[in-house]
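S.K.: Please work out how this folds:
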Amino acid sequence: MTVRRIFHVVGAALAGTVNASGEAVPPADPREVRALLVEIGLLRPGAFEAELPQALRRFQARAGLLVDGVAGPRTSQALARSAREARHLRALGMAA
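M.R.: Just a heads-up that it's a prediction; the model follows:
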């Protein structure tokens, strides 16, 4: 995942947390969510679309978030952070 794509996901998440106008925040891009879940090992590459919400719920439970299977702002932020940390650990040779 490129830095630009991570900023896109995180930017969408931040927009939801600072949007005080009461406007609905668009959901995160499912392709980006899928890529991040694959990157952290909670979804296998090529998984069926129906497996995405289940993997997202697993992530939310592990991260201590509301478990609803929806990639809202907090989930998107946590997912991007988790993927960034996983990349960092792999770069240090501390993770598979």
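S.K.: use CA for all of it now, contacts and neighbours both
M.R.: Will do.
S.K.: For residue 49, the count of nearby residues, please.
M.R.: Residue 49 sits with 10 neighbouring residues when counted by other C-alpha atoms under 10 Å.
S.K.: residues contacting residue 51?
M.R.: residue 43 (C-alpha atoms under 8 Å, 6 or more residues apart in numbering).
S.K.: Would you map the strands across this protein?
M.R.: For the chain, no strands are identified by DSSP state E.
S.K.: As PDB, could you dump the C-alpha coordinates of the longest helix along the chain?
M.R.: In the chain, taking DSSP state H as the definition, the longest helix is helix 73-91. What follows is helix 73-91, C-alpha atoms only, in PDB (Å, rounded to 0.1, in the frame of the first residue of the first chain):
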ATOM      1  CA  PRO A  73     -13.700   7.000  10.900                       C
ATOM      2  CA  ARG A  74     -12.300   5.400  14.100                       C
ATOM      3  CA  THR A  75     -12.000   2.000  12.400                       C
ATOM      4  CA  SER A  76     -10.300   3.500   9.400                       C
ATOM      5  CA  GLN A  77      -7.800   5.400  11.500                       C
ATOM      6  CA  ALA A  78      -7.000   2.300  13.600                       C
ATOM      7  CA  LEU A  79      -6.700   0.100  10.500                       C
ATOM      8  CA  ALA A  80      -4.300   2.500   8.800                       C
ATOM      9  CA  ARG A  81      -2.200   2.800  12.000                       C
ATOM     10  CA  SER A  82      -2.200  -1.000  12.500                       C
ATOM     11  CA  ALA A  83      -1.000  -1.500   8.900                       C
ATOM     12  CA  ARG A  84       1.700   1.100   9.300                       C
ATOM     13  CA  GLU A  85       2.900  -0.600  12.500                       C
ATOM     14  CA  ALA A  86       2.900  -4.000  10.800                       C
ATOM     15  CA  ARG A  87       5.000  -2.600   7.900                       C
ATOM     16  CA  HIS A  88       7.400  -1.100  10.400                       C
ATOM     17  CA  LEU A  89       7.800  -4.400  12.300                       C
ATOM     18  CA  ARG A  90       8.400  -6.200   9.000                       C
ATOM     19  CA  ALA A  91      11.000  -3.700   8.000                       C
END
